[in-house]
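Asks: coords below, sequence missing:
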C-alpha cells in the first residue's frame, strides 16, 4: 500500500449499467485503487438507483462535479417503456405517477446542463487501427422520410424580450390550459413543432408497403428514449401498424425488421451497410441529412480516412430535442405559444399529435462557440459549422454569435481559426465523405449524437473514441461515448460470467485523461507520469495486435491479431503498464 501514488484531490466516479459497469468496476480496481492513494467520490447512476431515488442521485452527481471539478462517467441505460414496467414490478413501493423525470430519463442531458458543459469527441489515436471502408458504391439502400411535419415545418423566432413563454392548449372546453412554461431572455431562440399522427400513420403504411413491394429488409430509427412525447409517440403508432398489418407479410417473405435509436442505427448502417434495405427515418430533419449522405456514399463510396475527426456538441443550454418539452396532444384543439401575455404562434392539432417546444440560451450558445474557436486555435483545426439559418430563425442566432465572437477576438489581436458555415446535411457529408485533416465539426445535441456515433464507428468502434464534457468554470467530465452493451451483458449473464466480451478502451482512456487533469491541477509529477503510461499501455496493447472481438480484422496486420475477452485485454494492458 505504501508504494501507491498519493493524490491530493478527489475524483468523482459516476457508475452506470450492464456490461459497461462490469468493465468499469474491474478497471477501477485494476488501474486506480490498487495503484493510487486517491479518494473516489462515487455516485450510483444506474437505472435502478435513479428510479428508487426518484432522480435524486442525478442531482448528487451534479453537486459532486461542481464541488470537485473532475469526474469520470460510465455509460448508463435510458429505459424504454417495457424496461420501466419491469423495474416498477421489481420495486412495487415506487409510484410511477409520483416520479420525477430525472428518475426515468437519461441523466446525461441533466448533468450537462447542470454543470454547463458541452461535449468534445474525437478518435483515440491508435496507431495499429485502420478506418473502416465498407463497399458502399451501388449499395441497394434507400432512405425514406416524411415530407411534412416536424422541425422542418416548425415555427421559430428569437425572443424580443426577457419574460415567460407558456405553451397553452385550448381543447373542447374552450378554456386555455397551461401545459408548460419556461423563462426566456432577450435573444434566446425558441421553436414550436408538431406532427400529424394521421400523416405519420399514412407514412408508415407507405413505408412498409414499399419494403414489401421492393423486397427490402426494414430499418426504423427514432430517438424515442430522449423525446418520448414526440419520437416515442411516432414509434408507437408506426410499430402498432407494423404488428397488426405487416409483420406476418414481412416474415413470410423472409425479410427482417429492425428498430434502433437513430444515432446507433446510423453508425451501424454507415459502417456496415446491409445488402438491401429500406431505412425509415420519419423525422424529416434527420431523415434528409441521412438521405443525402446515403446518396453520396452510393455514388462515390467512402474515402480513406487519414486524420482524426473532432466533434464539438452543444449541450449545456438544452437547445434542441434533448432539452424540449414534448407530449402528445390531449385531444383535438389549438396549441399556442404565449410570451408575457402576447400570442406569438398558434396551430391546430388533433388528439395524440406529437408536440415539441424547445428553446436555447443565447449566453450558453456564445460560451459554446467561444469554446469551439478556442479549441480549434489550440489544436490547429478548421471549423465547419452546420446551420440552416436561411430557413430556420432558430439557427440564425448561431451565425450572429459567430460574427460577434470573431469581432471580439479581432479586438484582442487574436486571429480566429478558419471556419465555414454550411447546411447540416453538407456538414455531415463533409465529415464522412471529404474529411480534411484536423476538422472540427460543431453540432447541436441530436446531430452531435448521430455524427459522433457514425464517426466513431468508422474509426473502428464506439470504444475507440474519446469524449469530454467541458464547462465554462473548468469542470471536466470524461466519459466513454459508447453505450452499456446490452447484448454482451445478456450473454455474460447467460454464461454466468464466463463470456465477458467488452472493449474497455474508451473507459480506460477517460480515466487516464481525468488523472492527467488531476495531476496538472495539483502539480503531481508522479500521477502525470502514471496517467501517461496508462494511455501508452493501452495504445501499445492494440499495436501488438491484442484486441477485443469488435476490432477483429480492423488492425493493419489482421493475420497477427490475438482476440481476447475483456479480462484478457485488461490484463494485457496491465502487462504493458508494468513493463513500461
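Replies: Looks like it came in fine. Since we're looking at a predicted model, the values are computed, not measured. Numbering: from 1, shown residues only.
Asks: For the closest residue to residue 481 other than its chain neighbours, which residues are in contact?
Replies: Excluding its sequence neighbours, the residue lying closest to residue 481 (Cβ to Cβ, 6 or more residues apart in numbering) is residue 467, at 4.3 Å. For the C-beta atoms, the positions are set from N, CA and C on the backbone; glycine is no exception. Contacts for residue 467 (Cβ atoms under 8 Å, 6 or more residues apart in numbering) come out as 119-121, 452, 478-481, 506, 510.
Asks: Shouldn't residue 467 be within a helix?
Replies: No: assessed with DSSP: H, G, I helix; E, B strand; the rest coil, residue 467 is strand; it does not lie in a helix.
Asks: gap between it and residue 448?
Replies: 10 Å (Cβ to Cβ, to the nearest Å).
Asks: go on, residue 181?
Replies: The separation that residue 181 has from residue 448, given Cβ to Cβ, amounts to 27 Å.
Asks: now do residue 268
Replies: Residue 268 is 18 Å from residue 448, by Cβ to Cβ.
Asks: what's around the residue lying closest to residue 4 once chain neighbours are set aside, how many residues?
Replies: Spatially, and ignoring its direct neighbours in sequence, residue 4 is nearest to residue 37 (4.4 Å; Cβ to Cβ, 6+ apart). Counted with other Cβ atoms under 10 Å, the neighbours of residue 37 add up to 13.
Asks: Equivalent analysis for the one 3 residues further on, please.
Replies: Residue neighbour count, defined by other Cβ under 10 Å, stands at 15 for residue 40.
Asks: Find me the pLDDT at it, would you?
Replies: Looking at residue 40, its pLDDT is 98.
Asks: Is it bridged to anything, and to what?
Replies: Beta bridges link residue 40 to residue 11, judged by DSSP bridges.
Asks: Test my guess that it contacts residue 13.
Replies: Yes: contact status for residue 40 versus residue 13: in contact at 5.0 Å, counting by Cβ atoms under 8 Å.
Asks: Look up phi and psi at residue 174.
Replies: Backbone torsions for residue 174, taken as degrees, to the nearest 10, come to phi 80, psi 0.
Asks: which sections of this structure are below the confidence cut-off?
Replies: 1-2, 306-308, 316-319, 391 (pLDDT under 70).
Asks: Spatially central residue for it, please.
Replies: Centroid check for the chain by Cα atoms, centre = their mean gives residue 449 as the closest residue, at 3.3 Å.
Asks: mind listing what it touches?
Replies: 223, 263, 313.
Asks: got the contact list for the residue lying closest to the first one once chain neighbours are set aside?
Replies: Taking Cβ to Cβ, 6+ apart as the measure, residue 223 lies nearest to residue 231, with 4.9 Å between them; neighbours along the chain are not counted. By Cβ under 8 Å, 6+ apart, the contact set of residue 231 is 222-224, 283, 321, 354.
Asks: When residue 181 and residue 448 are compared, which one has more neighbours?
Replies: residue 448 (24 against 13).
Asks: immediately after the strand or helix carrying residue 234, which helix or strand?
Replies: Taking DSSP states H and E as the criterion, residue 234 maps to helix 231-241. Remark: after helix 231-241, the chain's next helix or strand is helix 247-252, criterion DSSP H and E.
Asks: Pull out the buried residues from the helix or strand that that next one is followed by.
Replies: Later in the chain than helix 247-252, the nearest helix or strand by DSSP H and E is strand 257-261. Buried positions in strand 257-261, judged by neighbour count with 16 or more other Cβ atoms under 10 Å: 257, 259, 261.
Asks: which helices and strands does the helix or strand that strand 257-261 is followed by pack with?
Replies: Next in sequence after strand 257-261, counting helices and strands by DSSP H and E, comes helix 262-271. Judged by 3 or more Cβ pairs under 8 Å, 6 or more residues apart in numbering; DSSP states H and E, helix 262-271 is in contact with strand 217-222, helix 284-300, helix 445-458.
Asks: Any chance you could list what contacts the second one?
Replies: Residues outside helix 284-300 that contact it (Cβ under 8 Å, 6+ apart) are 136-139, 141-152, 221, 262, 266, 270, 273, 279, 281, 424-425, 428-429, 432-433, 446-447, 450.
Asks: Any idea what the residue nearest to residue 481 is bridged to?
Replies: residue 121, residue 479.
Asks: Any figure for the gap between it and residue 446?
Replies: Residue 467 is 16 Å from residue 446, by Cβ to Cβ.
Asks: what's the neighbour count on residue 473?
Replies: The burial count for residue 473: 10, using other Cβ under 10 Å.
Asks: Leaving out the residues flanking it, which one is nearest to it?
Replies: residue 116 (6.9 Å).
Asks: How about residue 430?
Replies: residue 384 (6.0 Å).
Asks: And what about residue 72, helix, strand or coil?
Replies: Reduced to three states by three-state DSSP, residue 72 is strand.
Asks: how far away is it from residue 453?
Replies: Distance from residue 72 to residue 453, counting by Cβ to Cβ: 20 Å.
Asks: Identify the bridge partners of residue 129.
Replies: residue 555.
Asks: residues in contact with it?
Replies: Taking Cβ under 8 Å, 6+ apart, one finds 459-460, 464, 542, 551, 554-556 in contact with residue 129.
Asks: Please produce a markdown table containing the residues you listed, extended by neighbour count and distance to residue 85.
Replies: Below are the contacts of residue 129 laid out as a markdown table (neighbours: other Cβ atoms under 10 Å; distance: Cβ to Cβ, whole Å):
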| residue | neighbour count | distance to residue 85 |
| --- | --- | --- |
| 459 | 23 | 37 |
| 460 | 26 | 36 |
| 464 | 24 | 35 |
| 542 | 26 | 41 |
| 551 | 23 | 36 |
| 554 | 20 | 38 |
| 555 | 21 | 43 |
| 556 | 12 | 47 |
